[in-house]
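J.: pasting the sequence and the predicted coordinates here, then a few questions.
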Amino acid sequence: MATSLQPYVLVFDNDKNLIAENAQLNGQAPPFPPSVFDSARSRGQDRITWQPAPGVRSAVVVQPWRGGFVVVGRSLRLVEERIDQLQLLIGFGWLVTLGSTAVAALAAVGAKRLM
């Protein structure tokens, strides 16, 4: 999970015990918080972000079924990288706008003095 961008599936029984998984974190099954199952059971489905370890974040859907719960997730790493890039682009645009406004204001003051 720490390095993969592939979706993963965790299957839990009604007692919240992991019975199947295709994801590992540090060589072990990831420690999914059992409190999420209660919310999923009452709502029918729960969608959360989950951070099983520092720097490892996932978007997760928890779906109850008569035999337990199915958890499907995917890394948020690409989304977080895109957000960082967008913030840089917005910051650059803000600086350009601020600079342009300052130049226009100085030009207006200079033009007024010439009159």
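T.: Arrived safely, thanks for sending.

J.: tell me the centre residue of the protein?
T.: Central residue of the chain (CA atoms, centre = their mean): Leu76, 4.3 Å from the mean position.

J.: list the contacts of that residue.
T.: Applying CB atoms under 8 Å, 6 or more residues apart in numbering to Leu76 gives the contacts Thr49, Arg57, Ser58, Ala59. Just so you know, the C-beta spots here come from the backbone N, C-alpha and C atoms, and that holds for glycine as well.

J.: now, of these, which are buried?
T.: Neighbour-count burial (16 or more other CB atoms under 10 Å) applied to those gives Arg57, Ser58.

J.: spell out which two among the contacts of Leu76 are the most distant pair, please.
T.: Maximum pairwise distance among the contacts of Leu76 (CB to CB): 8.0 Å, between Arg57 and Ala59.

J.: shared neighbours, the two?
T.: What both Arg57 and Ala59 touch, as defined by CB under 8 Å, 6+ apart, is the set Thr49, Leu76.

J.: low-confidence regions, the chain specifically.
T.: 115 (pLDDT under 70).

J.: ok, longest helix in it?
T.: As assigned by DSSP state H, the longest helix anywhere in the chain is helix 77-114.

J.: okay, buried residues for that one please.
T.: Result for helix 77-114 [16+ other CB under 10 Å]: buried residues Arg77.

J.: which neighbouring elements make contact with it?
T.: With contacts taken as 3 or more CB pairs under 8 Å, 6 or more residues apart in numbering; DSSP states H and E, helix 77-114 sits against strand 56-65.

J.: for the strand it packs on, which residues meet the burial criterion?
T.: Buried, per 16+ other CB under 10 Å, within strand 56-65: Val56, Arg57, Ser58, Val60, Val62, Pro64.

J.: can you list the domains in the chain?
T.: Per automatic domain parsing, the structural domains of the chain span 8-75, 77-115.

J.: export these to TSV and tack on distance to Ala2?
T.: Converted to TSV, the domains of the chain look like this (distance: least, CB to CB, whole Å):
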stretch	distance to Ala2
domain 8-75	5
domain 77-115	10
